[in-house]
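S.K.: Build me a model from this:
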Amino acid sequence: MSEEPLFEKTESNNLRRVQPLAARMRPASLDEFVGQRHFLGEGKLLRRLLQADRLGSVIFYGPPGSGKTTLARLLATESRSYFRQLSAVMAGVKELRTLMTGARDELAAGGRKTILFVDEIHRFSKTQQDVLLPDVEDGIVTLIGATTANPFFAVNSALVSRSQVFQFEALSPDDIKTLLRRALADSHRGLGRHDVRLHEDALDFMSEVCDGDARRALATLEIGVLSSETRPLEFDRRLAEESVQRKAVEYDGSGDAHYDTASALIKSIRGSDPDASLYWLARMLEGGEDIRFVCRRLIILASEDIGNADPQALPIAVAAMQACEFVGLPECQLTLSQAVTYLACAPKSNAATVAIAEARRDIREGRVLPVPVHLRDAHYPGAKKLGHGEDYQYSHDAESGVAEQDYLGVDREYYRPANRGFEARLAQRLEVIRQTLRKGKGQ
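M.R.: Predicted coordinates:
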């Protein structure tokens with residue numbers, strides 16, 4: 001055997017030894033890939049595209065550690081394509097042009113396509129896109145872009161329109177457990193050479209605390225094993241807790257996490273779940289969300305989703321906004337917690353929301369009504385000659401405070417109170433009021 005292969009093997013082993021466990025355990029085939037079964041399972045879209053050899057440009061969108069880069073490499077292997085990787089932040093136009101020329105030459109000479117994987121594709125400049133798009137359209141390269149930001153907001157529409165978007169989900173605890181067990185069993189790439197007994201409570205803890213991030217889970221396992229000299233090693237929950245690294249909150253105050261978390265907060269309050277509401281509020285606070293944004297959303301919700309079912313909801317939301325402006329962080333978290341839990345527990349009604357939407361729709365659709373003559377302004381000279389205000393009945397003169405009078409000119413009922421909270425009492429009173437008003441309409 002020649003020395004060169006021996007040296008190459010030594011170099012390869014040295015390089016592999018310094019790689020983190022997550023890099024060493026990257027799957028070598030699609031069968032080893034864990035997660036994303038909603039588009040990669042048997043009969044699902046991406047699997048069918050591969051089987052039909054019709055893989056086009058795609059955008060992988062999802063959280064860190066969910067397998068975007070790994071799957072891009074596997075797709076290159078499965079489609080027998082060259083794999084080329086660029087960072088949208090680091091690569092310049094010159095580097096991109098060189099890569100496109102090479103891809104065209106490889107296709108012309110050997111008939112082999114190139115998969116171009118662009119990490120953080122939402123950071124691609126317009127100039128970079130102008131260089132890339134012609135070869136994407138001509139099929140010279142198959143583009144796989146990866147992003148943690150919603151591509152429909154963050155990626156240029158020209159790229160999105162030419163790509164199939166696949167949304168990655170954070171790995172489930174069962175997926176994470178599969179990866180951890182595989183790493184402990186693999187003696188070549190993983191930690192199988194170490195005598196480790198992984199306790200179930202440690203496995204449960206790591207699979208939950210990693211938040212679906214495979215890299216973080218494998219890093220925790222590797223730190224725990226390599227930092228312990230005892231063999232055999234009893235890898236228990238205490239060791240797992242000592243080995244885990246605190247994960248920075250993934251939160252972009254102007255991006256996808258901003259809108260998704262705000263949506264989760266509002267829907268949890270609307271759903272009357274104070275515990276979920278507090279979690280999403282905490283997520284926003286830990287991520288550095290603008291307090292004014294949170295307060296605005298709570299004020300809107302107080303009218304949109306609670307309304308007259310609890311008339312105190314709006315004053316409480318407004319008071320919370322004022323208190324937050326006066327107190328500031330960190331103390332205003334207490335005010336927000338009080339407001340959020342009150343709003344979550346309050347009875348809910350969207351009757352006012354539905355009512356104004358229906359009234360405005362009538363107007364937009366052309367049902368514009370003239371102001372009845374008796375309701376028109378009668379305070380200017382000449383109004384009396386026009387009959388304005390004639391036959392108007394002053395409500396305070398009526399014994400009940402409600403006059404038998406027509407205020408619209410047609411029969412419309414937009415406001416339909418819910419039978420919840422204070423609005424249930426309003427519904428009873430409104431029925432009496434409407435009986436009186438119908439008399440004014442001659443009904």
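S.K.: Can you give me the buried ones in stretch 177-190?
M.R.: For stretch 177-190, burial by neighbour count (16 or more other Cβ atoms under 10 Å) applies to 177-180, 182-184, 189-190. C-beta coordinates here come from the backbone N, C-alpha and C atoms, glycine included.
S.K.: Likewise for stretch 331-350?
M.R.: Residues 332, 335-337, 339-344, 346-350 are the ones in stretch 331-350 that count as buried (16+ other Cβ under 10 Å).
S.K.: Please list the residues outside it that contact it.
M.R.: Residues from elsewhere that reach stretch 331-350 (Cβ atoms under 8 Å, 6 or more residues apart in numbering): 265, 268-270, 272-274, 277-278, 281, 285, 291, 294-295, 298, 301-302, 304-310, 312-313, 316-317, 319-320, 323-324, 327, 417-418, 420-423.
S.K.: quick one: which of those residues sit in helices?
M.R.: Counting by DSSP state H, the contacts of stretch 331-350 place 265, 268-270, 274, 277-278, 281, 285, 291, 294-295, 298, 301, 313, 316-317, 319-320, 323-324, 327, 421-423 in helices.
S.K.: Just the buried residues out of these, in ChimeraX syntax.
M.R.: Entered in ChimeraX, the line below selects the buried ones among the ones in helices among the contacts of stretch 331-350, by 16+ other Cβ under 10 Å:
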select :265,268,269,270,274,277,278,281,285,291,294,295,298,301,313,316,317,320,323,324,421,422,423
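S.K.: So which of the buried residues of stretch 331-350 sit within helices?
M.R.: Judged by DSSP H, the buried residues of stretch 331-350 include 332, 335-337, 339-344 as members of helices.
S.K.: so where's the chain shaky on pLDDT?
M.R.: The model of the chain has pLDDT under 70 over residues 1-17, 245-256, 443.
S.K.: Residue 167 versus the spatially most central residue of it, what's the distance?
M.R.: Centroid-nearest residue in the chain, with Cα atoms, centre = their mean: residue 260, separated by 3.4 Å. Per Cβ to Cβ, to the nearest Å, residue 260 is found 12 Å from residue 167.
S.K.: how near is the residue lying farthest from the centre of the chain to residue 393?
M.R.: Centroid-distance maximum for the chain: residue 385 at 61.9 Å, with Cα atoms, centre = their mean. From residue 385 across to residue 393, the span is 21 Å (Cβ to Cβ).
S.K.: cool, and residue 231?
M.R.: Distance of residue 231 to residue 393, computed by Cβ to Cβ: 94 Å.
S.K.: Name the residue in those two with the higher neighbour count.
M.R.: Under the criterion of other Cβ atoms under 10 Å, the comparison of residue 231 against residue 393 puts residue 393 first, with 13 against 9.
S.K.: Now stretch 111-124: buried residues?
M.R.: By neighbour count, with 16+ other Cβ under 10 Å as the criterion, the buried positions of stretch 111-124 are 113-124.
S.K.: before we move on, what about stretch 432-443?
M.R.: residue 437.
S.K.: Give me the contact list for stretch 42-60.
M.R.: Contacts for stretch 42-60 (Cβ under 8 Å, 6+ apart): 30, 37-41, 68, 71-72, 75, 78-79, 121, 136, 142-147, 151, 155, 159-160, 162-166, 168.
S.K.: Recalculate using a threshold of 6 Å.
M.R.: 39-40, 68, 78-79, 136, 142-146, 151, 162-166 (Cβ atoms under 6 Å, 6 or more residues apart in numbering).
S.K.: got the buried residues for it?
M.R.: 46-47, 49-50, 55, 57-60.
S.K.: what does stretch 297-308 give?
M.R.: Buried residues in stretch 297-308, counted by 16+ other Cβ under 10 Å: 297-299, 301-308.
S.K.: circling back to that earlier point, would you verify that the residue nearest to the centre of the chain is located in a helix?
M.R.: Yes: judged by DSSP: H, G, I helix; E, B strand; the rest coil, residue 260 forms part of a helix.
S.K.: Now do the end-to-end distance for stretch 296-307.
M.R.: End-to-end distance of stretch 296-307: 15 Å, with Cα to Cα, to the nearest Å as the criterion.
S.K.: Residue ranges of each domain in this structure, please.
M.R.: 35-167, 173-243, 256-345, 371-440 (automatic domain parsing).
S.K.: Any idea how far the third one is from the middle of the chain?
M.R.: Just to be clear, that refers to domain 256-345. From the chain centre to the centre of domain 256-345 is a distance of 18 Å (Cα atoms, centre = their mean, to the nearest Å).
S.K.: What of the first one?
M.R.: Once both centres are worked out by Cα atoms, centre = their mean, domain 35-167 turns out to sit 22 Å from its chain's centre.
S.K.: returning to what we had before: which residues touch the residue farthest from the centre of the chain?
M.R.: Contacts of residue 385 by Cβ under 6 Å, 6+ apart: none found.
S.K.: Residue 227 - nearest residue in space that isn't next to it in sequence?
M.R.: residue 243 (7.0 Å; Cβ to Cβ, 6 or more residues apart in numbering).
S.K.: Ok, residue 295 next?
M.R.: Computed as Cβ to Cβ, 6+ apart, the closest residue to residue 295 that is not its neighbour in sequence is residue 321, at 3.8 Å.
S.K.: And the strands in the stretch 151-300 of the chain?
M.R.: Counting by DSSP state E, counting those that start in this stretch, the segments of the stretch 151-300 of the chain that form strands are 164-167, 196-198, 233-235.
S.K.: Can you show me the CA trace of stretch 55-72 as CSV?
M.R.: The C-alpha coordinates for stretch 55-72 follow below in CSV (Å, rounded to 0.1, in the frame of the first residue of the first chain):
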residue,chain,number,x,y,z
LEU,A,55,-36.4,18.2,-8.3
GLY,A,56,-36.5,21.9,-9.0
SER,A,57,-35.4,24.9,-7.0
VAL,A,58,-36.7,24.8,-3.4
ILE,A,59,-36.6,27.0,-0.3
PHE,A,60,-36.2,25.3,3.0
TYR,A,61,-37.7,27.4,5.8
GLY,A,62,-37.6,26.4,9.4
PRO,A,63,-35.8,26.7,12.8
PRO,A,64,-32.1,26.0,13.4
GLY,A,65,-31.2,22.3,13.9
SER,A,66,-34.1,20.9,12.0
GLY,A,67,-32.0,19.5,9.2
LYS,A,68,-32.1,22.0,6.3
THR,A,69,-28.4,21.8,5.4
THR,A,70,-28.2,18.0,5.9
LEU,A,71,-31.2,17.4,3.7
ALA,A,72,-29.7,19.6,1.0
